[in-house]
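Trainee: here is a sequence together with a model predicted from it:
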Amino acid sequence: MNAKKKAILILPLIVIVSIIGYSYYTMSTSDAEPPTLEFPIAEPENIEKLSAYHTPDWGEPGIYHNGIDLITSDNVTIISPTAGTVIAKTEHINTYGGNMLFTISIEYNWAWQIDLVLEPDFYDDTNNSLQTSMIEVEVGQSVETGDEIGTLLYNGPSYHSHLHYMLRVQGTDVCAYNYSSSAAQTIFDNIAEDSDTRVLYPYEEPNFATNPNILRNPMIIIPAIVGAIYGIILVIILKKR
C-alpha cells in the first residue's frame with residue numbers, strides 16, 4: 001500500500017481520537033461546583049416540623065435518613081432551590097409505608113442533583129392522581145431558582161404529608177442544609193427551634209471524585225466504538241496488503 005492510501009485510511013482514525021480527547025478535556029474542565037440552595041417551599045409558615053438528615057435507624061436498624069423531611073400543615077408550593085434541568089419525574093410505592101412517592105430530580109451539573117420527593121401520604125388512586133396533576137414540570141425542562149415545581153397536597157393532621165428533600169453528589173446523598181444559602185439555613189433553623197426538632201445529625205462528608213464519569217458521555221462512547229471498529233478494519237486491510 002502506498003503512502004497516500006495509508007494516509008487516507010489513518011486520517012479518520014486521527015479525527016476520532018481528537019474528538020475523544022476534546023470531549024474528555026471539555027468534561028474534565030466543566031463546572032462541578034456545588035449549588036447554593038434556596039429554601040424549597042414557598043410557604044415556610046406551613047411547615048410544622050422537620051425530620052432530620054442522617055437520623056439513625058430510619059425504618060430499620062442501621063439505616064440513616066438520606067434527606068430532610070419538611071412536614072406540612074397545609075398545601076404548599078414546591079419551588080426549585082436552584083437552577084438546573086429536570087432529568088426525571090417518577091412515581092413509586094414507599095416500601096416502608098405503602099404510600100405513593102412523587103419524585104422530581106433536578107440536575108445542577110454533572111456531579112450534583114437535587115431530588116424533591118413529594119409525599120402527600122395518600123393511599124388511594126383518586127388522590128394520587130390528583131397529586132400527579134399538581135406537578136407542573138416536565139423532563140428536559142430548564143428551571144431557575146424559585147420556579148414553581150408543583151403543589152404538595154396536604155392529607156390532614158392524622159397523616160404525614162411532607163417533602164423529602166435530598167441532595168446528591170456523584171449519586172451519594174449529602175445534607176442539603178450544608179449547601180444552602182444563609183437565608184435558607186435561617187428558615188431551617190427557625191422551624192427546628194419552633195418545633196423542637198433538628199435539621200441534621202452529624203455525618204462525615206463523603207469523598208467523591210472531582211473528575212466526571214467520562215463513560216456517561218456519548219461524545220466519548222460513540223467515537224470510541226467507531227474508532228475501535230475502524231481500527232480493526234484498518235488492521236485487517238493492512239494485513240491483506
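Mentor: Received it, and whenever you're ready, just let me know what you need.
Trainee: restricting to C-alpha, output stretch 172-182 in CSV.
Mentor: The C-alpha coordinates for stretch 172-182 follow below in CSV (Å, rounded to 0.1, in the frame of the first residue of the first chain):
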residue,chain,number,x,y,z
THR,A,172,-24.2,9.8,47.2
ASP,A,173,-26.5,11.7,49.5
VAL,A,174,-25.3,14.7,51.5
CYS,A,175,-27.2,17.2,53.7
ALA,A,176,-29.0,19.9,51.6
TYR,A,177,-28.8,22.3,54.6
ASN,A,178,-25.0,22.4,54.5
TYR,A,179,-25.2,23.6,50.9
SER,A,180,-28.0,26.1,51.4
SER,A,181,-27.8,29.9,51.4
SER,A,182,-27.7,31.7,54.8
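Trainee: list the buried ones in it?
Mentor: Residues of stretch 172-182 classed as buried by neighbour count (16 or more other Cβ atoms under 10 Å): Asp173, Val174, Cys175, Ala176, Tyr177, Tyr179, Ser180, Ser181. Just so you know, the C-beta spots here come from the backbone N, C-alpha and C atoms, and that holds for glycine as well.
Trainee: phi, psi of Leu50?
Mentor: Phi and psi for Leu50, reported as degrees, to the nearest 10, are phi -120, psi 150.
Trainee: so who does Cys175 touch?
Mentor: Residues in contact with Cys175 (Cβ atoms under 8 Å, 6 or more residues apart in numbering) are Tyr53, His54, Ile68, Leu167, Val199, Leu200, Tyr203.
Trainee: bridged to His164, which residues?
Mentor: For His164, the beta-bridge partners are Asp69, Val117 (DSSP bridges).
Trainee: doesn't Gly67 make contact with it?
Mentor: Yes. Under the criterion of Cβ atoms under 8 Å, His164 makes contact with Gly67 at 4.8 Å.
Trainee: show me where the chain has helices.
Mentor: With DSSP state H applied, the chain shows helices at 3-28, 125-133, 182-195, 218-240, listed in chain order.
Trainee: lowest-confidence stretch among the ones you listed?
Mentor: Mean pLDDT across these is lowest at helix 3-28; the value there is a mean of 54.
Trainee: least trustworthy helix or strand in the chain by mean pLDDT?
Mentor: Least confident helix or strand, the chain: helix 3-28 with a mean of 54, by mean pLDDT, DSSP states H and E.
Trainee: out of His164 and Gly67, which sits in the more crowded spot?
Mentor: Under the criterion of other Cβ atoms under 10 Å, the comparison of His164 against Gly67 puts Gly67 first, with 23 against 19.
Trainee: and that one, how far from Asp124?
Mentor: 25 Å (Cβ to Cβ, to the nearest Å).
Trainee: among the contacts of Cys175, name the buried ones.
Mentor: Buried, going by 16+ other Cβ under 10 Å: Tyr53, His54, Ile68, Leu167, Val199, Leu200, out of the contacts of Cys175.
Trainee: for the longest strand seen in the chain, buried residues please.
Mentor: Determined from DSSP state E, the single longest strand within the chain is strand 84-93. Neighbour-count burial for strand 84-93 flags Gly84, Val86, Lys89 (criterion: 16+ other Cβ under 10 Å).
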